[in-house]
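>>> Following is a predicted model, sequence given first.
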Amino acid sequence: MSASPDGSTAATTPLLQVEAISCRFGGLLALDQVSLELAEGEIFGLIGPNGAGKTTLFNVISGLTTPSGGRCLWRGVPTAGLGPCGLNRLGIARTFQNLRLFESLSVRENVLVGLHHAARAPLLGALLGNGAFRRHQERLEARAMELLTLLELAALAEQRAGDLPYGDRRRLEIARALATAPRLLLLDEPAAGMNPAEKDDLRQLISRIRDHFALTVLIIEHHVPLMMRLCDRLAVLNFGERIALGSPAEVRTDPRVIEAYLGGSGGGSGGGQGSAAGEGR
Ligand SMILES: Nc1ncnc2c1ncn2[C@@H]1O[C@H](COP(=O)(O)OP(=O)(O)OP(=O)(O)O)[C@@H](O)[C@H]1O
Ligand SMILES: [Mg+2]
């Protein structure tokens, strides 16, 4: 469904539509006509073995990679050509599989960078250092601390980001992505490197963030039990193809998914993520 002439959209228009996206790198078809739709407010999971095309799909959605075919629509409007900054202004923010923090800046400053990116400072005020500019700065500082509190990082605000343990750094990436006030948050393996207790905390945190900001979340994660508990719906990619889509219960019992994760031999070829069947614990 597309936007109406007055710019409003019907309540049923998905927040994001991915329509038959293909992505070719030389001879490799990393994505093969992948389609999915995200409804506003849902937590949608993307799983699949290593090299399945998950991060490539994130790169296409967030404007880092131009697809070879297909298109994405944001609230019914095609997003082609907007690029990462344009898509971020629309409301799409992401974290990266390989963390991209400013290691030498403090935790608080990392979030402030995101806030500055999203907020326009009064230019003349910035040059003169006047009251309006100071109030603007104070608002950003307060907002940064709100986000750090929500992500359970407030006590670490003045620590150097590069000195944080892995789990804290992953949460800081989420805080920085949230600083741009997105409507859709893309999380690429946010639980990587976390121990089981941290993973469980993260699952609860992502649910809390969704509720707090009324966000839509698209998450890639290899830890299938976490995904089965967290996600409203999931899609499964294998060799660039979407082989399953549905509720956790539907996906878990899908023969093609079991085949992709167990490789037919029961040997577990799914990148160490374990079987998709028998989850939900
Ligand atoms: N820029 C690129 N140039 C060439 N090949 C690429 C590029 N980006 C990704 N690929 C290839 O595309 C395929 C899909 O990669 P992608 O990173 O999307 O997989 P993934 O599902 O995120 O895997 P993982 O679970 O290991 O992160 C892989 O074979 C990868 O080597
Ligand atoms: Mg990846």
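Yep, it's here. Ligands and ions are numbered 1, 2, ... in the order given.

>>> What residues does the protein have near ligand 2?
Residues of the chain that fall close to ligand 2, judged by C-beta under 5 Å from the ion: 54, 55, 97. From N, CA and C alone the C-beta is placed, and that goes for glycine too.

>>> all strands of this structure, in order?
16-25, 28-38, 43-47, 69-74, 77-78, 92-94, 184-188, 216-220, 233-238, 241-246 (DSSP state E).

>>> could the residues of the chain next to ligand 2 go into TSV alongside pLDDT, distance to ligand 1 and neighbour count?
As requested, the residues of the chain next to ligand 2 are exported to TSV (pLDDT from 0 to 100; distance: C-beta to the nearest ligand atom, whole Å; neighbours: other C-beta atoms under 10 Å):
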residue	pLDDT	distance to ligand 1	neighbour count
54	98	3	25
55	97	3	20
97	83	6	14
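
>>> In contact with the residue in the stretch 1-150 of the chain positioned nearest to ligand 2, which residues?
The minimum distance from the stretch 1-150 of the chain to ligand 2, using C-beta to the ion, falls at residue 55 (3.1 Å). By C-beta atoms under 8 Å, 6 or more residues apart in numbering, the residues touching residue 55 are 97, 188, 220.

>>> repeat for residue 92
When contacts are counted by C-beta under 8 Å, 6+ apart, residue 92 touches 16, 61, 62, 63, 74, 182, 183, 184, 186.

>>> Filter the residues of the chain next to ligand 2 down to the ones in helices?
Among those, the ones falling in helices (DSSP state H) are 54, 55.

>>> Next to ligand 1, which bits of this structure? Give me the list.
Proximity of the chain to ligand 1 is confined to 25, 28, 30, 48, 50-56, 97, 271 under the rule C-beta under 6 Å from any ligand atom.

>>> Taking those, tell me the two that lie furthest apart.
Greatest spacing in the residues of the chain next to ligand 1, by C-beta to C-beta: 25 and 271 (19.2 Å).

>>> about what we covered before: turn the contacts of residue 92 into CSV, including neighbour count and pLDDT.
CSV is the format used below for these (neighbours: other C-beta atoms under 10 Å; pLDDT from 0 to 100):
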residue, neighbour count, pLDDT
16, 24, 98
61, 24, 98
62, 22, 96
63, 21, 96
74, 21, 98
182, 21, 96
183, 18, 97
184, 22, 98
186, 24, 98
